[in-house]
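J.: Fold the following for me, if possible:
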Amino acid sequence: MKRLLIVEDKESLALMLRETVEAEGLEVEIAATGSDAMRKLAEGRRYVAVLTDLRLPKADGIQVLKQARESDPDCPVIVMTAFGTIENAVEAMKLGAYDFIQKPLDIDHLLILLRRCREHRELRSENLLLREEFQKRYRLPAIIGESASMVLLSQAVQKVAQTDSTVLLQGESGTGKELFARAIHQLSSRASRPFVAINCAAIPDTLIENELFGHEKGSFTGATGRQLGKFELADTGTIFLDEIAELGHAIQSKLLRVIQERRFERIGGSATIETDIRIICATNRNLADDVKQGRFREDLFFRVNVFPVVVPPLRARRDDIGALTDHFVQRFARELGKPQLNISEEARTALRGYDWPGNIRELENCIERAAILCERSTIEVSDLHLATGSRAAQDLLGDAIDLTGTLSEAVDRATQAVERIKIAEALRRTKSRSEAADLLAISTRTLQSRMKELGLDEREDSDV
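T.: Numbers count the residues shown, from 1 in each chain. Okay, the predicted model is just below:
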């Protein structure tokens with residue numbers, strides 16, 4: 001895109017500007033009246049920028065600016081006038097003008113502005129290409145889902161992506177919350193800027209402040225130099241705070257200030273750092289319940305819950321299991337060099353009938369394992385190794401629960417028995433505690449705490 005629209009009623013100035021701009025490699029169209037410029041814009045003509053006088057016959061520069069914003073919101077508009085006032089500048093900038101310059105024009109400054117406009121348009125075009133590439137890569141909405149709930153969810157994500165509003169993604173572990181966070185970022189105007197993700201549950205309370213906000217040299221033992229935190233690294237882009245419910249109260253209060261004021265200090269530093277950032281949070285817990293129980297600050301909850309998005313579990317969108325299965329089969333067949341790999345109808349039926357406590361992540365792992373183990377061209381039910389632990393656990397409950405005492409005491413013992421069996425089952429089915437926590441849809445920290453309370457130490461993990 002190389003065309004510039006110049007809106008100027010003085011022919012000598014318009015011709016001089018044309019000659020100057022064309023020397024920069026731009027093509028020029030001239031409109032002598034505001035109404036002529038508005039007609040060109042209304043016809044859908046696209047320009048690298050619009051350079052318009054403020055005082056024009058038939059329609060003024062403010063009207064041209066409004067038409068440009070309506071016809072092509074991404075088109076930069078530079079307003080020029082010999083009668084510039086603060087009020088004119090404020091009105092133009094409020095309406096979305098790219099800049100406001102006074103006559104007589106500083107040509108060098110104008111050329112710098114036009115180069116920036118051109119870069120702005122090129123960046124917007126690149127962002128559109130990124131959106132298309134993102135959709136091809138993840139096959140939206142087919143891979144994410146074609147069920148009614150996922151179509152509505154995809155539509156909501158596309159709408160909020162166009163804003164800078166804080167988003168709270170809620171859903172069980174393995175449902176794809178980070179995928180949605182990345183989708184929001186890639187579909188936004190910040191797509192070319194950093195996307196920084198941090199798992200709040202994976203970092204101890206003593207280190208989380210340093211991870212988020214960084215530190216200055218000498219601020220504590222071992223601080224041999226300045227370290228930038230995640231908020232600083234994500235400046236002008238998006239920060240994704242996964243498992244935000246796991247943050248302690250001390251860091252919650254500091255996070256609240258950053259969300260409110262978009263500023264913070266590094267540990268050991270006195271300089272206030274301002275940040276231009278989009279915040280996306282995620283949790284597998286019910287934050288409203290955490291607020292009631294005093295585990296999460298109410299004021300922080302209201303700040304992060306601006307645009308809540310609930311990602312449903314896979315068992316609630318069984319219509320999507322087929323499309324997801326085909327995607328994973330094709331992907332792992334390609335990666336494993338098995339181009340003819342298929343899946344039988346019996347296996348598909350088994351997949352649709354399973355509850356998927358680990359959601360999409362568990363389905364992905366299941367298909368990968370089956371693709372590796374399958375020695376034929378078709379994956380059968382026997383290759384899936386779907387867990388039957390739920391029925392086994394139910395069979396064990398009768399012997400595990402002590403029903404003596406009051407109702408409350410019996411319920412407490414029953415709850416502990418179920419937790420003990422479920423945790424032990426998850427530990428047997430997975431390779432690590434973090435995987436077991438994902439399968440149970442809880443954080444690793446919560447799993448470790450429950451194991452300690454239930455007496456499931458490392459020595460007992462393999463015996464329970």
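J.: Settle this for me: residue 61 is touching residue 81, isn't it.
T.: Yes - with contact defined as Cβ atoms under 8 Å, residue 61 counts as touching residue 81 (7.1 Å). The way it works is simple: take the backbone N, C-alpha and C, and place the C-beta from them, glycine included.
J.: What ranges does the stretch 151-300 of the chain have for its helices?
T.: Chain-ordered helices for the stretch 151-300 of the chain, with DSSP state H, counting those that start in this stretch as the definition, fall at 177-186, 205-213, 230-233, 249-261, 287-292, 298-304.
J.: and residue 252, how many neighbours?
T.: Other residues near residue 252 come to 17 when the count uses other Cβ atoms under 10 Å.
J.: Tell me who's in contact with it.
T.: Listed by Cβ atoms under 8 Å, 6 or more residues apart in numbering, the contact partners of residue 252 are 296-297, 300.
J.: Redo the helices of the stretch 151-300 of the chain as CSV? Include distance to residue 46 and mean pLDDT.
T.: Listed next are the helices of the stretch 151-300 of the chain as CSV, based on distance: least, Cβ to Cβ, whole Å; pLDDT from 0 to 100:
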stretch, distance to residue 46, mean pLDDT
helix 177-186, 23, 90
helix 205-213, 42, 91
helix 230-233, 35, 90
helix 249-261, 37, 92
helix 287-292, 44, 93
helix 298-304, 38, 95
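J.: Make CSV out of those helices and add distance to residue 45.
T.: Supplementary listing: the helices of the stretch 151-300 of the chain in CSV, determined by distance: least, Cβ to Cβ, whole Å:
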stretch, distance to residue 45
helix 177-186, 29
helix 205-213, 47
helix 230-233, 41
helix 249-261, 42
helix 287-292, 49
helix 298-304, 43
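J.: Just name the most buried of the ones you listed.
T.: Greatest average neighbour count among these goes to helix 177-186 (a mean of 22), per mean count of other Cβ atoms under 10 Å.
J.: For residue 61 and residue 81, list the residues in contact with both.
T.: Each of 53-55 lies in contact with both residue 61 and residue 81 under the rule Cβ under 8 Å, 6+ apart.
J.: which of residue 61 and residue 81 has more neighbours?
T.: Under the neighbour definition other Cβ under 10 Å, residue 61 and residue 81 were set side by side, and residue 61 has more, 27 against 20.
J.: and stretch 147-164, which residues are buried?
T.: Buried positions in stretch 147-164, judged by neighbour count with 16 or more other Cβ atoms under 10 Å: 147, 150, 153-154, 156-157, 160-161.
J.: contact partners of that stretch?
T.: Here stretch 147-164 makes contact (Cβ under 8 Å, 6+ apart) with 140-141, 144-145, 167, 180, 183-185, 187-189, 278, 307, 309-312, 316-317, 319-320.
J.: mind redoing it with 6 Å?
T.: The contact list for stretch 147-164, computed with Cβ atoms under 6 Å, 6 or more residues apart in numbering, reads 141, 144, 167, 180, 183-184, 187-188, 278, 307, 312, 317, 319-320.
J.: of the shared contacts of residue 61 and residue 81, closest to residue 231?
T.: Comparing the shared contacts of residue 61 and residue 81 against residue 231 with Cβ to Cβ picks out residue 54 as the nearest, at 40.3 Å.
J.: And that closest one, how far from residue 61?
T.: 4 Å (Cβ to Cβ, to the nearest Å).
J.: and for the two, which residues touch both?
T.: Jointly contacting residue 54 and residue 61 under the rule Cβ under 6 Å, 6+ apart are residue 79.
J.: Hmm, residue 328 and residue 343 touching each other?
T.: No - distance between residue 343 and residue 328: 9.5 Å, which falls outside the contact criterion (Cβ atoms under 6 Å).
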